[in-house]
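Novice: I would like the atomic coordinates for the input below:
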Amino acid sequence: MVGPCRHSNGSRSPSTRWSIRSLFPLTPWVAIGIAVLQPITDNSFLWHVRAGDLQLGAGEVIRSDPFSFTVAGAPWRTQSWLIELMYGWLERSFELAFVPPWIAGCALLTIGAAGIRMYRLGFGSTRIAVGMIGLTWLGGVYFVPRPVVASFALLALLILVTEMPGMRWSIPLLLWVWAASHGSFVLGIGYVALYAIGHRNRRIIRPLVLASIVVSLTAHGWHVWAILWRFLSNRGALEFISEWAAPNPISLGAIPFFAGVIALIYQAIKGRIAVRDLWIISPFLLYGLTSQRALFSAMIVLVPWMVPSIESRERSNSSASPAVVLIGAGLIVALPFVAFRGPVEIDDQTFPVVALPYLAEGPAFHDDAVGGYLIYAGGPAARVFVDDRAELYGAEFFERVAKVRLGAPAWMGAQEEWDIQQALLKKTEGLVGALEAEGWIEVFSDDFFVVLRSDGPREPGPITP
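Specialist: Now for the predicted structure:
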């Protein structure tokens, strides 16, 4: 068992003691609040918005590629149709102003559910804060508007309701929403199954079986499993996406997870981990080590075992007046709003916001990050060369794109195959020099992007990204 024992009803007894330490679990809100006000840098989110808009107009989910000219019409189902519909409707109604509250809501649900879980286990406020701050630190880079942010909140909520007998009826509902939102719903099914095995709890079997059935009753039906299989079978393509790389133990962002692993080992040595908990700890620890992106999901599951016991220090905690605590809470909650920077913007260093009007009609070469923005912004390059849908393009195509960007001879084959006469590139890419050496003419350039054409310059069009 981790930490103090629970009471017989599965929760801790309430405390009426007011203290400054009670404010500690609120501190992650400051980081979350400030982070969500930053410019949009996530290219995946941008094409998800257009996918939602397209499905709203068509009245049905996407079943083939509508966005590229390289694999146009190829079989492809968007796994996040439910959230995409929401994105499409919100963007039509509020443009991109919905992004900060959406990210903040998902982040607060994720961190808050983890905090409630630790509270129910009997953790003190300082220990809860350490766990929540660690999660916020690690999860900060993943608190972006793409659909995966909802999967973190759903995982944290699913863990919480699984541990609460009176709430287990909601397991199938949560997993249906998850399956309609993101392919990682299998993590949730896996967690519930491992919990049932470790705790030898047969009462969880019924909602687990029902959940396994209802995930096949989304808009894609049983194809939800085919989508997942296609994604996993294209793991090679993910090697070209940084978040799917192996985690780096010495990177600043990964510190909370690997510090937590050390604390977990310490807890095990001290005999504070029950054998039944190993059914959950072992698989999710191994999962967390598979990729950078897996670290955060794994820590959401493992956080109670990753925070060492510090209760002896908390007993010496001094009291404070309720007014002081409430004023402090108000200041913490208000701080991100003080830092508010104005309208939501798309980052023009990450995306070619200024360069887009210089593209002519017809195919253009670009990388996957630019592709996500071009799908969103439309214009001459609304049909893109590539974006980050790894399961659609496959590893071989991504490898080919990587070689072309270096300026390798593979460029000639790509140019002839798709009749490409223009390129929108980051200024640092090797292909820029190769095209200039061939006589291509620069029609636009700033500190970040360059537009090159084989047939000379043109005036920018009236496109408004």
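
Novice: which residues of the stretch 301-450 of the chain fall in strands?
Specialist: 422-426, 441-445, 449-453 (DSSP state E, counting those that start in this stretch).

Novice: now render those as TSV, adding mean pLDDT.
Specialist: Formatted as TSV, the strands of the stretch 301-450 of the chain follow (pLDDT from 0 to 100):
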stretch	mean pLDDT
strand 422-426	94
strand 441-445	94
strand 449-453	95
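
Novice: closest to L135 out of these?
Specialist: Smallest distance to L135 across the strands of the stretch 301-450 of the chain (CB to CB): 32.8 Å, for strand 422-426. The way it works is simple: take the backbone N, C-alpha and C, and place the C-beta from them, glycine included.

Novice: residues contacting the closest one, please?
Specialist: With contacts defined as CB atoms under 8 Å, 6 or more residues apart in numbering, strand 422-426 is touched by 352, 355-356, 359-360, 362-367, 370, 374, 381, 405, 431-432, 435, 440, 448-454.

Novice: just the CA atoms of it, as PDB, please.
Specialist: Extracted in PDB, the C-alpha atoms of strand 422-426 (Å, rounded to 0.1, in the frame of the first residue of the first chain):
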ATOM      1  CA  GLN A 422       7.700  25.300 -56.100                       C
ATOM      2  CA  ALA A 423       8.800  24.700 -52.600                       C
ATOM      3  CA  LEU A 424       8.100  26.200 -49.200                       C
ATOM      4  CA  LEU A 425      11.000  25.400 -47.000                       C
ATOM      5  CA  LYS A 426      12.600  26.300 -43.700                       C
END
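
Novice: how far off centre is that strand?
Specialist: Distance of strand 422-426 from the chain centroid (CA atoms, centre = their mean, to the nearest Å) equals 28 Å.

Novice: okay, angle between it and strand 449-453 too, please.
Specialist: What separates the directions of strand 422-426 and strand 449-453 is an angle of 160 degrees, with axes from the mean of the first three to the mean of the last three CA atoms, to 10 degrees.

Novice: my guess is L135 contacts A114. True?
Specialist: Yes: at 5.7 Å, L135 and A114 qualify as touching, with contact defined as CB atoms under 8 Å.

Novice: I'd guessed L194 sits against S282; true?
Specialist: No: at 9.1 Å, L194 and S282 do not qualify as touching, with contact defined as CB under 8 Å.

Novice: so for the two, which residue has more residues nearby?
Specialist: A side-by-side neighbour count of L194 and S282, using other CB atoms under 10 Å, places L194 first with 20 against 11.

Novice: what about the nearest residue to V451 once chain neighbours are set aside, distance to V215?
Specialist: Nearest residue to V451 in three dimensions, chain neighbours excluded: F444, at 4.0 Å (CB to CB, 6 or more residues apart in numbering). According to CB to CB, to the nearest Å, F444 and V215 sit 47 Å apart.

Novice: what's the longest helix in this structure?
Specialist: helix 99-120 (DSSP state H).

Novice: for the next helix-or-strand element following that one, name the packing helices and strands.
Specialist: Where DSSP states H and E defines the elements, the next helix or strand beyond helix 99-120 is helix 125-139. Judged by 3 or more CB pairs under 8 Å, 6 or more residues apart in numbering; DSSP states H and E, the packing partners of helix 125-139 are helix 28-35, helix 99-120, helix 255-269, helix 294-306, helix 311-314.

Novice: can you redo those as CSV with mean neighbour count and distance to S184?
Specialist: Shown next, in CSV, are the helices and strands packed on helix 125-139 (neighbours: other CB atoms under 10 Å; distance: least, CB to CB, whole Å):
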stretch, mean neighbour count, distance to S184
helix 28-35, 20, 21
helix 99-120, 21, 13
helix 255-269, 17, 17
helix 294-306, 25, 7
helix 311-314, 12, 34
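
Novice: among these, which comes closest to F152?
Specialist: helix 99-120 (4.5 Å).

Novice: and the average pLDDT for that closest one is what?
Specialist: Mean per-residue pLDDT for helix 99-120: 90.

Novice: what angle separates it from helix 28-35?
Specialist: On the basis of the same axes, to 10 degrees, helix 99-120 is oriented at 160 degrees to helix 28-35.

Novice: please save the CA atoms from helix 99-120 in CSV.
Specialist: Provided in CSV are the C-alpha atoms of helix 99-120 (Å, rounded to 0.1, in the frame of the first residue of the first chain):
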residue,chain,number,x,y,z
VAL,A,99,-8.0,27.0,-27.6
PRO,A,100,-6.8,28.3,-24.2
PRO,A,101,-9.9,27.2,-22.3
TRP,A,102,-9.9,23.8,-24.0
ILE,A,103,-6.3,23.1,-23.1
ALA,A,104,-6.7,24.5,-19.6
GLY,A,105,-9.8,22.4,-19.0
CYS,A,106,-8.1,19.2,-20.1
ALA,A,107,-4.9,20.0,-18.1
LEU,A,108,-6.9,20.8,-15.0
LEU,A,109,-8.9,17.6,-15.3
THR,A,110,-5.7,15.6,-15.7
ILE,A,111,-3.8,17.2,-12.8
GLY,A,112,-6.8,17.6,-10.6
ALA,A,113,-8.0,14.0,-10.9
ALA,A,114,-4.4,12.9,-10.0
GLY,A,115,-4.5,15.2,-7.0
ILE,A,116,-7.9,13.9,-5.9
ARG,A,117,-6.6,10.3,-6.3
MET,A,118,-3.6,11.1,-4.0
TYR,A,119,-5.9,12.9,-1.5
ARG,A,120,-8.1,9.8,-1.3
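
Novice: what sits against the spatially closest residue to V215 that is not a sequence neighbour?
Specialist: Nearest residue to V215, sequence neighbours excluded (CB to CB, 6+ apart): A179, at 3.8 Å. Counting by CB under 8 Å, 6+ apart, A179 touches 185, 214-216, 218, 224.

Novice: what about L173, distance to L194?
Specialist: 20 Å.

Novice: just A369 next, same as before
Specialist: Counting by CB to CB - A369 and L194 are separated by 36 Å.

Novice: what's the local residue count around I420?
Specialist: 18.

Novice: surely it is in contact with A364?
Specialist: Yes: using CB under 8 Å, I420 makes contact with A364 at a distance of 6.8 Å.

Novice: quick check: domain ranges of this structure?
Specialist: For the chain, the structural domains run 20-314, 356-453, going by automatic domain parsing.

Novice: from the opening residue of the last one to its closing one, how far?
Specialist: Using CA to CA, to the nearest Å, the span of domain 356-453 from its first residue to its last is 13 Å.

Novice: how far away is the nearest residue to S445 once chain neighbours are set aside from P101?
Specialist: Distances taken as CB to CB, 6+ apart place K427 nearest to S445, at 7.1 Å, with adjacent residues excluded. Remark: distance between K427 and P101 (CB to CB) = 35 Å.

Novice: likewise for G394?
Specialist: To P101, G394 is 36 Å away according to CB to CB.

Novice: so the residue nearest to S445 sits right up against D447, yeah?
Specialist: Yes: the pair K427 / D447 is scored as a contact, 7.4 Å apart, by CB under 8 Å.

Novice: quick one, which of the two is more surrounded?
Specialist: A direct count of neighbours by other CB under 10 Å for K427 and D447 places K427 higher, at 11 against 8.
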